[in-house]
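>>> Take this sequence and fold it.
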Amino acid sequence: MSKFFGVVPPVVTPLNDDFSVDYASYTRVLEYLIDGGCHGLFALGSTSEVVFYDDAERRKILEHTVKVANGRVPVIAGVIDPTTDRVIRHAQTAKSVGVDAIVVTAPFYTLTSQAETLDHFRMIRDAVDVPLIAYDIPVCVHTKLSRQTVVTLAKEGTIIGLKDSSGDDGNFRYALSDLAGNKDVFLMTGSEIVVDNALQMGAHGVVPGLANVDPAGYVRLWDAAQRGDWDAARKEQERLCRLFEIVWVAAGRVSGGATGVGGFKTAMRSLGVISTNVMARPRAPLNDAEARKVDEILRSVGLLN
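Next up is the predicted model:
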């Protein structure tokens, strides 16, 4: 059984008013997730706003994550960048810091074929001796990791896992079926709202940004699924779906990515986990009126008095 399973949130990176990383709040975030029962931490993912940080800040974030986790749960690190050699440099840094695995997307900005994408992952794995997890997020990188690409990389041992944030549940199901029985590979969904479905299909875990707001809720869902109590899993999922509506509070005013992470940060501020809801520039934070709507949703699901 892989040590990568269960609820592994992509960790929000809180910021100060001057847009620097708020490491005191970040420590609280990490402890909140671990105390909530999460099985791992994914630092420098999309929800972490990874692409907004330079090399030095990325290293500092990873060092802080590994230090606070202190071996209690695995730490996986996003080494996301447009091209192979840039990713290799990030991967070398992540390995030196002591992470348990790295997370890699398809190349982006440049137009890349599936054959070149296969080589991208192979070159990274050959260059850096650290377990590699593929990240399928075509909404951001504009390349879909095909079923055959994922299965090929898994069967040849280039990747040990997949985080699927493609929204293509059919492709995810086929990949699960193709790799069924392969104990060396895990597949996790990046969805917040169909986790119970993914677990019924055989997913090995979930990587939900919303777990930054309610880690214990996702752990309850996971635990219910593990004991086969699908009615309890469905009810918890439905409660989390109501909570997920915080991502639409600012819809139409700011970008989809900003409404999502911005909703998470605003909720976490209300819960006392972080000090501000500041977003990396040029993303706009939720305003006071929107924050009040987020608080109403938090109250409706029992997270705020």
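>>> low pLDDT regions in the stretch 101-250 of the chain?
Of all residues in the stretch 101-250 of the chain, none has pLDDT under 70.
>>> Where do the strands of it begin and end?
101-105, 132-136, 161-164, 186-189, 205-206 (DSSP state E, counting those that start in this stretch).
>>> For Q92, which non-adjacent residue is spatially closest?
Nearest residue to Q92 in three dimensions, chain neighbours excluded: V128, at 5.6 Å (C-beta to C-beta, 6 or more residues apart in numbering). (Each C-beta comes from the backbone N, C-alpha and C, glycine too.)
>>> hang on, R281 in a strand?
No - using DSSP: H, G, I helix; E, B strand; the rest coil, the secondary structure at R281 is coil, not a strand.
>>> how about it, phi and psi?
phi -70, psi 140 (degrees, to the nearest 10).
>>> mind listing what the closest residue to it other than its chain neighbours touches?
Spatial nearest neighbour of R281, chain neighbours left out: F19 (6.2 Å); criterion: C-beta to C-beta, 6+ apart. By C-beta atoms under 8 Å, 6 or more residues apart in numbering, the contact list for F19 reads 278, 280-281.
>>> any idea which of the residues you listed is the one closest to R292?
Among those, V278 lies closest to R292 (C-beta to C-beta), at 18.0 Å.
>>> how about the closest one, secondary structure?
Assignment for V278 (three-state DSSP): coil.
>>> I'd like to know how many residues surround it.
With neighbours defined by other C-beta atoms under 10 Å, the count for V278 comes to 20.
>>> Could you measure from it over to L15?
Going from V278 to L15 by C-beta to C-beta, to the nearest Å gives 4 Å.
>>> Show me the common contact partners of those two, please.
Between them, V278 and L15 share no contacting residue, judged by C-beta under 8 Å, 6+ apart.
>>> burial count for the closest residue to L221 other than its chain neighbours?
Once flanking residues are discounted, L221 sits nearest to E236: 4.3 Å by C-beta to C-beta, 6+ apart. Number of residues near E236 (other C-beta under 10 Å) recorded here: 23.
>>> Next up, the contacts around E236.
E236 makes contact with 196, 217, 220-221, 224 under the criterion C-beta under 8 Å, 6+ apart.
>>> Provide a list of residues in contact with the residue nearest to K144 when sequence neighbours are not counted.
Using C-beta to C-beta, 6+ apart and skipping residues adjacent in sequence, the residue nearest K144 is P138, 4.4 Å away. With contact set as C-beta under 8 Å, 6+ apart, P138 has these partners: 144-145, 166.
>>> so can I have a markdown table of those showing distance to V7 and neighbour count?
Converted to a markdown table, the contacts of P138 look like this (distance: C-beta to C-beta, whole Å; neighbours: other C-beta atoms under 10 Å):
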| residue | distance to V7 | neighbour count |
| --- | --- | --- |
| K144 | 25 | 17 |
| L145 | 23 | 27 |
| S166 | 20 | 20 |
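>>> For burial, what's the neighbour tally of C140?
15.
>>> so it touches Y109, yeah?
No - with contacts counted by C-beta atoms under 8 Å, C140 stays clear of Y109, the gap being 10.9 Å.
>>> nearest to G40, of the contacts of F19?
A280 (23.7 Å).
>>> Now do that closest one, the pLDDT please.
Looking at A280, its pLDDT stands at 96.
>>> That one contacts F52, doesn't it?
Yes - if you go by C-beta under 8 Å, A280 and F52 touch, sitting 3.7 Å apart.
>>> how near is the nearest residue in space to G260 that is not next to it in sequence to I137?
Distances taken as C-beta to C-beta, 6+ apart put V247 closest to G260, at 4.5 Å, once the chain neighbours are dropped. Distance check for V247 against I137: by C-beta to C-beta, it reads 16 Å.
>>> can you tell me the distance between the two ends of stretch 260-279?
Terminal residues of stretch 260-279 lie 11 Å apart, using C-alpha to C-alpha, to the nearest Å.
>>> List the contacts of that stretch.
So stretch 260-279 is contacted by 12, 14-17, 19, 22, 24-25, 28-29, 32, 47, 49, 209-210, 212-213, 246-250, 254, 258, 283-286, 290-291, 294-295, 297-298, 303-304 (C-beta under 8 Å, 6+ apart).
>>> picking that back up, can you get me a residue count around the residue nearest to Q92?
So V128, with other C-beta under 10 Å, has 21 neighbours.
>>> Contacts only, for it.
Applying C-beta under 8 Å, 6+ apart, the residues contacting V128 are 88, 91-92, 95, 102.
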